[in-house]
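# Here's a sequence, model it:
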Amino acid sequence: FTVDIKAKRHHPNIDLVNPMQAKPCWVGDKTEVELKCTNTGGDGGYKFFCERDEDDEKQEGDFIKIGPFTVFPTEFFLYSGQTISIYVYYQPESGGVHSETLILASDDETFKRYTLKGEACMLDMEVSSLDGRALDFKANPLSTILFHTTKPNTER
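This next block holds a predicted model:
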């Protein structure tokens, strides 16, 4: 007689935060955040993909560069109970809130969408007066403003 055997493994399950929030930074600066995740399910392999095929086709190596974000590693295997660090780098070239979507696929043919979020700040300063005079280059050219010689760490 024949006995049918059906094997089924425990599904892997990781506790990676969503959204993956980058630290705020200045435009042109760069921040890094380390996100730890633990596999609370069965053993499993994982891989990040870009949501848009055209972004995915540009990727090389073991990191994903999408918009102002870079994510590393993009592919990993976790045994049950094992923890790994996912690094998110954020290097914005424009101010405001930035958001991108990645897909994390598992070798058990499941996937989940993750959002990368970051906020870039810009400082825009304007001098309106100097030494009590309105800063109007026609009426008060810089040559009429006196800058005294200074020495660091001294009082005047």
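
# And residue 20, how far from residue 90?
Residue 20 sits 10 Å away from residue 90, going by Cβ to Cβ, to the nearest Å. Heads up, the C-betas are built off the backbone N, CA and C, glycines and all.

# Residue 13 now?
Taken as Cβ to Cβ, the span from residue 13 to residue 90 is 27 Å.

# on that earlier part again, what do residue 20 and residue 90 both touch?
Common contacts of residue 20 and residue 90, defined by Cβ atoms under 8 Å, 6 or more residues apart in numbering, comprise residue 33.

# out of the two, which sits in the busier spot?
It is residue 90, of residue 20 and residue 90, that has more neighbours when counted by other Cβ atoms under 10 Å, with 25 against 20.

# residues near the nearest residue to the more buried one once chain neighbours are set aside, how many?
Distance criterion Cβ to Cβ, 6 or more residues apart in numbering; nearest residue to residue 90, sequence neighbours excluded, is residue 22 at 3.5 Å. By other Cβ under 10 Å, the residues close to residue 22 number 23.

# Is residue 22 in contact with residue 117, as I believe?
Yes: with contact defined as Cβ atoms under 8 Å, residue 22 counts as touching residue 117 (6.7 Å).

# How about the contacts made by the residue nearest to residue 90?
31, 33, 69, 88-90, 116-119.

# can we see that at 10 Å?
If a contact means Cβ atoms under 10 Å, 6 or more residues apart in numbering, then residue 22 has 30-33, 68-69, 88-92, 98, 116-120 as its contacts.

# what's the answer for residue 121, then?
Listed by Cβ under 10 Å, 6+ apart, the contact set of residue 121 reads 24-27, 29, 92, 95-96.

# I appreciate the help and will end here.
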